[in-house]
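[1] Could you look at this predicted model? Sequence included:
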Amino acid sequence: MRADVLKADAHLPRTGDAERAAIDVAVGVLLRPGGEFLLTSRPAGKVYAGYWEFPGGKLEAGETVERALARELHEELGIDVHADAVQRWREQLVDYPHALARLHFCKVSAWQGRLQMREGQQYRWQRLPVQVSPVLPGALPVLQWLAGQTND
(Lines give C-alpha, C1' and ligand atoms only; values in the text may rest on other atoms or scores of the structure.)
Protein backbone atom coordinates (compact mmCIF):
# COMPACT_ATOMS: atom_id res chain seq x y z
CA MET A 1 0.00 0.00 0.00
CA ARG A 2 1.31 3.48 -0.86
CA ALA A 3 2.64 5.73 1.90
CA ASP A 4 0.10 8.49 1.18
CA VAL A 5 -2.78 6.20 2.17
CA LEU A 6 -4.23 6.55 5.65
CA LYS A 7 -5.01 3.05 6.93
CA ALA A 8 -7.95 3.29 9.33
CA ASP A 9 -8.27 0.58 11.97
CA ALA A 10 -5.22 -1.21 10.60
CA HIS A 11 -5.74 -4.13 12.99
CA LEU A 12 -9.04 -5.08 11.29
CA PRO A 13 -9.26 -7.22 8.14
CA ARG A 14 -10.15 -5.58 4.82
CA THR A 15 -13.16 -6.62 2.75
CA GLY A 16 -12.61 -7.30 -0.94
CA ASP A 17 -9.35 -8.01 -2.68
CA ALA A 18 -6.02 -6.24 -2.32
CA GLU A 19 -6.66 -4.17 -5.47
CA ARG A 20 -10.09 -2.78 -4.60
CA ALA A 21 -11.14 0.34 -6.44
CA ALA A 22 -11.38 3.63 -4.57
CA ILE A 23 -14.79 5.20 -4.03
CA ASP A 24 -14.76 8.95 -4.66
CA VAL A 25 -16.34 11.00 -1.87
CA ALA A 26 -16.97 14.77 -1.80
CA VAL A 27 -16.48 16.22 1.67
CA GLY A 28 -17.42 19.70 2.84
CA VAL A 29 -15.42 21.64 5.39
CA LEU A 30 -18.01 24.30 6.22
CA LEU A 31 -16.26 27.31 7.72
CA ARG A 32 -17.80 30.20 9.63
CA PRO A 33 -16.06 33.60 9.73
CA GLY A 34 -14.90 33.15 13.33
CA GLY A 35 -12.92 30.03 12.44
CA GLU A 36 -15.48 27.44 13.49
CA PHE A 37 -16.09 24.39 11.32
CA LEU A 38 -19.00 21.96 11.17
CA LEU A 39 -18.82 18.33 12.23
CA THR A 40 -21.76 15.93 11.98
CA SER A 41 -22.27 12.52 13.51
CA ARG A 42 -22.70 9.45 11.33
CA PRO A 43 -26.29 8.21 11.53
CA ALA A 44 -27.38 4.96 13.14
CA GLY A 45 -27.23 2.02 10.76
CA LYS A 46 -24.19 3.29 8.84
CA VAL A 47 -20.62 2.07 9.18
CA TYR A 48 -18.91 4.00 12.00
CA ALA A 49 -22.31 5.15 13.36
CA GLY A 50 -21.88 7.85 16.00
CA TYR A 51 -18.44 8.93 14.79
CA TRP A 52 -17.98 12.62 13.99
CA GLU A 53 -17.03 13.63 10.46
CA PHE A 54 -17.14 16.42 7.92
CA PRO A 55 -20.38 16.07 5.90
CA GLY A 56 -20.52 14.83 2.33
CA GLY A 57 -21.02 11.69 0.32
CA LYS A 58 -20.22 9.54 -2.69
CA LEU A 59 -20.03 10.93 -6.19
CA GLU A 60 -22.63 9.56 -8.57
CA ALA A 61 -21.77 8.65 -12.16
CA GLY A 62 -20.85 11.75 -14.16
CA GLU A 63 -20.88 14.13 -11.18
CA THR A 64 -18.15 16.61 -10.41
CA VAL A 65 -16.90 16.89 -6.84
CA GLU A 66 -18.59 20.29 -6.51
CA ARG A 67 -21.94 19.02 -7.80
CA ALA A 68 -21.84 15.92 -5.59
CA LEU A 69 -21.02 18.04 -2.56
CA ALA A 70 -23.89 20.45 -3.27
CA ARG A 71 -26.29 17.50 -3.67
CA GLU A 72 -25.11 15.74 -0.53
CA LEU A 73 -25.23 18.88 1.63
CA HIS A 74 -28.77 19.53 0.44
CA GLU A 75 -29.87 15.91 1.03
CA GLU A 76 -28.19 15.53 4.43
CA LEU A 77 -28.26 19.03 5.91
CA GLY A 78 -30.96 20.89 3.97
CA ILE A 79 -28.65 23.68 2.87
CA ASP A 80 -27.92 25.00 -0.60
CA VAL A 81 -24.35 25.60 -1.70
CA HIS A 82 -23.37 27.38 -4.89
CA ALA A 83 -20.31 26.25 -6.83
CA ASP A 84 -18.52 29.59 -6.40
CA ALA A 85 -18.58 29.08 -2.60
CA VAL A 86 -16.78 25.72 -2.91
CA GLN A 87 -12.98 25.62 -3.03
CA ARG A 88 -11.33 22.27 -3.71
CA TRP A 89 -8.73 21.98 -1.01
CA ARG A 90 -7.03 18.62 -0.54
CA GLU A 91 -7.44 14.90 -1.19
CA GLN A 92 -6.75 11.93 1.04
CA LEU A 93 -6.95 8.23 0.26
CA VAL A 94 -8.30 6.31 3.28
CA ASP A 95 -8.21 2.54 3.53
CA TYR A 96 -11.13 1.60 5.77
CA PRO A 97 -11.83 -2.06 6.56
CA HIS A 98 -15.06 -1.88 4.51
CA ALA A 99 -13.90 0.34 1.60
CA LEU A 100 -11.10 2.31 0.03
CA ALA A 101 -12.22 5.95 -0.12
CA ARG A 102 -10.70 8.86 -2.03
CA LEU A 103 -11.85 11.88 -0.02
CA HIS A 104 -12.05 15.17 -1.92
CA PHE A 105 -12.07 17.86 0.76
CA CYS A 106 -13.56 21.22 -0.18
CA LYS A 107 -13.73 24.38 1.87
CA VAL A 108 -17.25 25.82 1.84
CA SER A 109 -17.48 29.50 2.71
CA ALA A 110 -21.16 30.28 2.07
CA TRP A 111 -24.50 28.50 1.96
CA GLN A 112 -28.18 29.26 2.17
CA GLY A 113 -30.73 27.76 4.49
CA ARG A 114 -30.85 26.54 8.05
CA LEU A 115 -29.15 23.30 9.07
CA GLN A 116 -31.62 20.42 9.20
CA MET A 117 -30.28 17.04 10.20
CA ARG A 118 -32.26 15.02 7.65
CA GLU A 119 -30.66 11.66 8.49
CA GLY A 120 -31.09 11.84 12.26
CA GLN A 121 -27.49 12.90 12.79
CA GLN A 122 -26.23 15.53 15.22
CA TYR A 123 -24.08 18.55 14.46
CA ARG A 124 -21.62 20.70 16.37
CA TRP A 125 -19.70 23.80 15.38
CA GLN A 126 -16.15 23.19 16.57
CA ARG A 127 -12.79 24.83 17.00
CA LEU A 128 -9.45 23.13 17.57
CA PRO A 129 -9.04 21.07 19.61
CA VAL A 130 -12.41 19.46 18.89
CA GLN A 131 -14.65 18.67 21.83
CA VAL A 132 -16.51 15.73 20.24
CA SER A 133 -15.46 12.11 19.94
CA PRO A 134 -14.90 9.67 18.48
CA VAL A 135 -13.76 11.34 15.26
CA LEU A 136 -13.84 9.35 12.02
CA PRO A 137 -10.29 8.40 10.95
CA GLY A 138 -10.74 10.12 7.56
CA ALA A 139 -11.45 13.43 9.31
CA LEU A 140 -8.24 13.42 11.33
CA PRO A 141 -5.97 14.71 8.52
CA VAL A 142 -8.31 17.70 8.08
CA LEU A 143 -7.95 18.59 11.74
CA GLN A 144 -4.17 18.45 11.31
CA TRP A 145 -4.34 20.57 8.15
CA LEU A 146 -6.54 23.15 9.89
CA ALA A 147 -4.14 23.27 12.83
CA GLY A 148 -1.19 23.85 10.51
CA GLN A 149 -2.68 26.34 8.09
CA THR A 150 -2.11 30.04 8.07
CA ASN A 151 -4.39 31.12 5.26
CA ASP A 152 -4.27 28.37 2.61
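    Nice, I can see it. Numbers count the residues shown, from 1 in each chain.
[2] okay, now Gln121: neighbour count?
    Other residues within reach of Gln121 by the criterion other CB atoms under 10 Å amount to 19. C-beta here means a position set from N, CA and C on the backbone, and glycine is covered the same way.
[3] quick one: secondary structure of it?
    Following DSSP: H, G, I helix; E, B strand; the rest coil, the label given to Gln121 is coil.
[4] which residues sit in contact with it?
    When contacts are counted by CB atoms under 8 Å, 6 or more residues apart in numbering, Gln121 touches Thr40, Ser41, Arg42, Pro43, Glu76.
[5] Would you mind listing the residues in contact with Ala26?
    Contact criterion CB under 8 Å, 6+ apart gives Gly56, Gly57, Lys58, Leu59, Val65, Glu66, Ala68, Leu69, Glu72, His104, Cys106 as the residues in contact with Ala26.
[6] Now do the same for Glu66: helix, strand or coil?
    Three states are possible here, and by three-state DSSP the one that applies to Glu66 is helix.
[7] wait, doesn't it sit right on Val86?
    Yes: if you go by CB atoms under 8 Å, Glu66 and Val86 touch, sitting 4.9 Å apart.
[8] ok, back up a step: for PyMOL, what selects the buried ones among the contacts of Ala26?
    Written as a PyMOL command, the selection of buried residues from the contacts of Ala26, which uses 16 or more other CB atoms under 10 Å, is:
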select buried, resi 56+57+59+65+66+68+69+72+104+106
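[9] tell me which of the contacts of Ala26 is nearest to Arg118?
    Proximity of those to Arg118, judged by CB to CB, is greatest for Glu72, which lies at 10.8 Å.
[10] State the distance from the closest one to Trp89.
    Here the criterion is CB to CB, to the nearest Å. By it, Glu72 lies 16 Å from Trp89.
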